[in-house]
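# for reference, the sequence and a predicted model appear below.
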Amino acid sequence: MDVQKTGCTFISDVLKKTLNLQPIVEIKHGRFDRSKTADDFVIISRRDPYSQWVSLYNYGCMNLGWLYVRLKSFGLSDQLYTRNKEGLNAFVSYLLHSQNSHLLGEGYQQSKHLDLGFQSYRYLAMSLAKPSSVYQHFKTPADLMENFQNYSIINFEIRTSRLNSDLNHLLTQVIPQYVRKDVSVKEIIAGSSFGNESIKFVSVDDLAPSTRGLIEIKEKLLLNLGIND
């Protein structure tokens, strides 16, 4: 499950070159819209929400991405994508407020009762089987934090912060039986492409304390999952 802005192009490239398996979900950034079977092994990519928000902003500053197109359609692109730290903080703060959830699409409003940040929502949506029918099982934000793992279909996480080591561990220790015999995992990882890399107009250091505080509140799901990273 390739969550946006988590190095998923690189991950997909490595997995396609090394595995003798067919992907469960064929659509880029697609969701798991059926029940999970005993034969399914589900991998997901995960990134800390601070750098994920910054990456999403930098990508939009290049006039790229589905979110940029959507915000442009609402007349917000010039206001938010100013390619500086003021624009970054305005962008993150504006889009993390619940009253603006309708701007983001992707079914985000279905989880409005959970008060989730957009990055946590994207992860959640790819962590569940038939997600649109599961959100309502969580009654409150606290209920989600407590019971998320009971509904998650994930077997293995690849963390952006440990991209190469997690991929290597997956392929050499977790599912080595599915790795092609004619490839070197180490060489494939070293030679694969990162794909849609953004120009770095801003960095995580440009996030204001108030913006960081808002991320800590809204992106609690991702932050809790990454507490031991």
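Arrived safely, thanks for sending.
# quick one: residue 118 and residue 96 touch, right?
Yes. Taking contacts as C-beta atoms under 8 Å, residue 118 lies within contact range of residue 96: 7.1 Å. No exception for glycine: its C-beta is placed from N, CA and C like everyone else's.
# host element of the closest residue to residue 123 other than its chain neighbours?
In this structure, residue 123 finds its nearest non-sequential neighbour in residue 3, 5.5 Å apart by C-beta to C-beta, 6 or more residues apart in numbering. Using DSSP states H and E, residue 3 sits within no helix or strand.
# tell me the mean pLDDT for the host helix or strand of residue 14?
Using DSSP H and E, residue 14 maps to helix 8-18. Mean pLDDT, helix 8-18: 88.
# work out the gap between the helix or strand following that helix and the centre of the chain.
Downstream of helix 8-18, the next assigned helix or strand under DSSP H and E is strand 43-46. What separates the centre of strand 43-46 from the centre of its chain is 8 Å, taken as C-alpha atoms, centre = their mean, to the nearest Å.
# now the strands for this structure?
Ranges of strands in the chain, per DSSP state E, are 43-46, 156-159.
# which other helices and strands does the last one contact?
Put plainly, it is strand 156-159. Packed against strand 156-159 by the contact rule (3 or more C-beta pairs under 8 Å, 6 or more residues apart in numbering; DSSP states H and E) you find strand 43-46, helix 163-169.
# can you say which of the ones you listed is packed in most?
Per residue and on average, the most neighbours among the helices and strands packed on strand 156-159 fall to strand 43-46, with a mean of 22 (mean count of other C-beta atoms under 10 Å).
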